[in-house]
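Novice: Need a 3D model of the sequence below.
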Amino acid sequence: MTPFTFQAPSNILFEAGASKKIAELVKGYGARHVLLVTDKGVRGAGLTRSAEAALTEAGIALTVFEDVVADPPSHVIEAAAELCRGQGVDVVVSIGGGSALDTAKLVAYLAKTPDKLDDIYGVGMAKGERLPLLLVPTTAGTGSEVTPIAIVTTPTTEKKGVVSPRLIPDWAILDPELTLGLPPHVTAATGIDAMVHAIEAYTSRVKKNPMSDQLARKALELLSANIRTVFTNGQDLEARSRMLLGSMLAGMAFANAPVAAVHALAYPIGAIFHVPHGLSNALVLPHVLEFNRPAASVLYAELLAIVRPDHRPASATEAAAAFIDEMTAICRDCEVPDTLSAVGIAEKDLAKLAEDAMKQTRLLVNNPRELTHEQAFQIYADALAGRRAAA
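Specialist: Numbering: from 1, shown residues only. Below you'll find the model as predicted:
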């Protein structure tokens, strides 16, 4: 068997109402002063209220940084880290979507070490210590609460990643009640993002392993079976719980068997046009799957048995095509736009998108099929027109 390593948080709490237990957990670190990293939308919706009240009642000082924005720019992360250092914070907590959780990871690290953000981009560059870190997702999508990855938007609009075991939190706290109020379009985009994590982990060329495979398969089972339900009925707590669990399992899978071309092509869409990450993934997903089909048909056939257990095509080739059809149908049923033009992208933008996508070498090396600049451009062109890329 091929050797592999597997990393995950040491503590996971999954429970409706779990966010009320944050004060109890941070007490275990002797916390006197907590920094809460979130955004104005999450806080304004009342999703941090229980945790804030519990911390105050426990006599723990609280500083709130609520200026996180989508695709967090480096200057926002640096401002939060400076606040953390200046306030003498000893524990970092984040409640929010992937952008807030990614910001908190880097804040907990930068506040504890002399490292600069520019010095730790890439894999394994962050080697110092960090403050204790507790992460609470409010979407079933990014899986950031269990990954060693934080994504940053640089001043040149390029997305760069910091990848290090130091970013894996001490606690991942999953409270499905926090996801009940997600609007349908956010539910769809984040849910599809989580499914992409599972698919790309399962087909990852470099670090695919037996543990990531099992997590990816279970994640895809949970996500595909529940995404249409939560899209149409967001108050279904059981379905929301299954989505949140699926998202976390997908996060653990891709944290160890990294994502590939779907994300590589999605990143420039988000960075340049400020399209939410999950939607960026959904816009290119069918086209990248079609491109990868010659190299991944057997694996796609295996995934079809998970998302459509009632469908048994005669060959792996037919099954792979059916799998892509099913993922396209999920996007359609969840009313995801099916062309890049729907988010304001025009033909004149494709060259820049392809150029920036090819910079994502950390991701492209994992793709089951090698991708050239010309092929990336063609995938974008097909996504602009709403037709599948040619295999």
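Novice: Strands of the stretch 51-200 of the chain, residue ranges please.
Specialist: Ranges of strands within the stretch 51-200 of the chain are 61-65, 91-96, 122-123, 133-137, 149-153, 159-163, 171-174, based on DSSP state E, counting those that start in this stretch.
Novice: could you give me the average pLDDT of the shortest one?
Specialist: Mean per-residue pLDDT for strand 122-123: 94.
Novice: what pairs with it, and is each one parallel or antiparallel?
Specialist: Strands that pair with strand 122-123, judged by DSSP bridges, come out as strand 159-163 (parallel).
Novice: Repeat that for the last one.
Specialist: According to DSSP bridges, the neighbouring strands of strand 171-174, each with its direction, are strand 12-14 (parallel), strand 133-137 (parallel).
Novice: could you dump the ones you listed to TSV with mean pLDDT and mean neighbour count?
Specialist: (Each C-beta comes from the backbone N, C-alpha and C, glycine too.) As requested, those are exported to TSV (pLDDT from 0 to 100; neighbours: other CB atoms under 10 Å):
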stretch	mean pLDDT	mean neighbour count
strand 12-14	98	15
strand 133-137	98	28
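Novice: Export these as a markdown table, with columns for distance to T2.
Specialist: Shown next, in a markdown table, are the strands paired with strand 171-174 (distance: least, CB to CB, whole Å):
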| stretch | distance to T2 |
| --- | --- |
| strand 12-14 | 27 |
| strand 133-137 | 31 |
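Novice: wait, which of those strands is closest to A79?
Specialist: Closest approach to A79 among the strands paired with strand 171-174 (CB to CB): strand 133-137, 18.3 Å.
Novice: Same list, the strands of the stretch 51-200 of the chain, but as CSV with distance to F4 please.
Specialist: As requested, the strands of the stretch 51-200 of the chain are exported to CSV (distance: least, CB to CB, whole Å):
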stretch, distance to F4
strand 61-65, 37
strand 91-96, 29
strand 122-123, 16
strand 133-137, 25
strand 149-153, 18
strand 159-163, 16
strand 171-174, 21
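Novice: Between the ones you listed, which one is closest to D338.
Specialist: Proximity to D338 (CB to CB) singles out strand 159-163 among the strands of the stretch 51-200 of the chain, at 23.4 Å.
Novice: The closest one vs strand 149-153, what angle?
Specialist: Strand 159-163 and strand 149-153 are oriented at 150 degrees to each other (axes from the mean of the first three to the mean of the last three CA atoms, to 10 degrees).
Novice: Output strand 159-163 as CSV - backbone C-alpha positions only.
Specialist: Written as CSV, here are the backbone C-alpha positions of strand 159-163 (Å, rounded to 0.1, in the frame of the first residue of the first chain):
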residue,chain,number,x,y,z
LYS,A,159,-5.6,34.1,-4.6
LYS,A,160,-2.8,32.5,-2.6
GLY,A,161,-2.9,29.8,0.0
VAL,A,162,-1.2,29.3,3.3
VAL,A,163,-1.0,25.5,3.9
